[in-house]
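Visitor: only geometry, no sequence info:
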């Protein structure tokens, strides 16, 4: 499958290829889940806090995507054998000077939203925001990019799972509940699976340019088994919530996508290299549907567990 197409430089299509909005769901889904769990477990939800958190998460994802594209071109880290989605700067769709300006502007926006969220959430959010911006930049930027190591999937698990879900919950409630680790780990694993498939597809290319990703370290056979665990463990984790409280049964809505999930490991094994991008996109879709169903389940749990009067009636009030 040839992913390249004719795109006019600096057109809307060129900028979309640079920012890769299809990956924004990886950042948005944990915010949805964390905020809905605040409603389910604590009876609290503020719309404006949710909106600020969502925008901040998407901006960090966009910044990370653009830095990745730009830094790949700076490092000349492609040798022509890569079969993934084309990079906007490498294709000449976005000039390097324009890319650098866009990245700087996005980092500024990330910082502004970070300040806003720190005002709402305090020191814990400050630490998460600073680390998120640094790691988003350092994934492919800086002297020793994270993308050249086997730490990528772990950082996705941490930032797009535990920190994103837990941070969203904290912003709504100013408290922590250990149960939030369960959806955090679940979404973190699915987010890590997206990166894992991407690296599986590019294994041969990555080895040729000195990238020692987790897939490169493990090899294809072990990687196929690891991917299967990343896909199925989230369902096990969410199922564990139900025995804790009989009102938690709506979390089992996620089982509706289990048949879809069960096909992905087979696709990874059987698809030729040029079709592995399809598996990555299907994995993104799985995370989105899993998170959406988990959010619906959390909303249902909220109304099963809490009397109407205890649910936050002033959800549109200012969070400040």
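Guide: Yep, it's here. Treat the numbers as computed from the prediction; the structure is a model and nothing was measured.

Visitor: give me the contacts around stretch 286-305.
Guide: 25-26, 29-30, 32-33, 36-37, 39-40, 43, 183, 186-187, 190-191, 193-194, 231, 234, 238, 245, 247-248, 250-254, 256-257, 260-261, 264, 311 (CB atoms under 8 Å, 6 or more residues apart in numbering). Every residue, glycine included, has its C-beta placed from N, CA and C.

Visitor: any of these buried? List them.
Guide: The neighbour-count test (16 or more other CB atoms under 10 Å) marks 25-26, 29-30, 32-33, 36-37, 39-40, 43, 183, 186-187, 190-191, 193-194, 231, 234, 238, 247-248, 250-254, 257, 261, 264 as buried among the contacts of stretch 286-305.

Visitor: contacts for stretch 190-200 next, please.
Guide: With CB under 8 Å, 6+ apart, stretch 190-200 has contacts from 23, 26, 30, 84, 152-154, 156-157, 160-161, 206, 213-216, 220, 223, 226-227, 230-231, 234, 268, 276, 279-280, 283-284, 286-287, 290.

Visitor: list the buried residues of stretch 281-298.
Guide: 282-284, 286-298.

Visitor: in helices only, show me these.
Guide: 282-284, 286-298 (DSSP state H).

Visitor: between those residues, which sits nearest residue 95?
Guide: Of all these, residue 284 has the smallest distance to residue 95: 28.4 Å, by CB to CB.

Visitor: ok, that closest one touching residue 20?
Guide: No. Residue 284 is beyond contact range of residue 20, at 10.6 Å (criterion: CB atoms under 8 Å).

Visitor: ok, residue 10 - how many residues close by?
Guide: Using other CB atoms under 10 Å, residue 10 is surrounded by 14 other residues.

Visitor: so it: helix, strand or coil?
Guide: Recorded secondary structure, residue 10: coil (DSSP: H, G, I helix; E, B strand; the rest coil).

Visitor: skipping adjacent residues, who's closest to residue 74 in space?
Guide: Distances taken as CB to CB, 6 or more residues apart in numbering place residue 96 nearest to residue 74, at 7.7 Å, with adjacent residues excluded.

Visitor: go on, residue 54?
Guide: The shortest distance from residue 54 to any non-neighbouring residue, by CB to CB, 6+ apart, is to residue 31 (4.9 Å).

Visitor: please compute how far the helix or strand harbouring that neighbour lies from its chain's middle.
Guide: Residue 31 is located in helix 24-42, with elements delineated by DSSP states H and E. Distance of helix 24-42 from its chain centroid, counting by CA atoms, centre = their mean, to the nearest Å, is 12 Å.

Visitor: now stretch 226-235
Guide: 16 Å.

Visitor: list the buried residues of that stretch.
Guide: Quick answer for stretch 226-235 (16+ other CB under 10 Å): 226-228, 230-232, 234-235.

Visitor: which stretches of this protein have low pLDDT?
Guide: 1-5, 76-84, 136, 141-142, 306-320 (pLDDT under 70).

Visitor: geometric centre of it: which residue is closest?
Guide: Taking CA atoms, centre = their mean, the centroid of the chain lies closest to residue 26, which sits 2.9 Å from it.

Visitor: the closest residue to it other than its chain neighbours and residue 21: what is the separation?
Guide: Closest residue to residue 26 apart from its sequence neighbours, by CB to CB, 6+ apart: residue 191 at 5.2 Å. Distance, residue 191 to residue 21, by CB to CB, to the nearest Å: 16 Å.

Visitor: also residue 75?
Guide: 24 Å.

Visitor: what segments of the stretch 101-250 of the chain are helices?
Guide: Using DSSP state H, counting those that start in this stretch, the helices of the stretch 101-250 of the chain run over 123-138, 152-157, 164-173, 181-201, 203-208, 214-218, 220-241.

Visitor: ok, the nearest residue to residue 214 once chain neighbours are set aside - contacts?
Guide: Of all residues not flanking residue 214 in the chain, residue 150 sits nearest, at 4.2 Å (CB to CB, 6+ apart). Residues in contact with residue 150 (CB under 8 Å, 6+ apart) are 212-214, 216-217.
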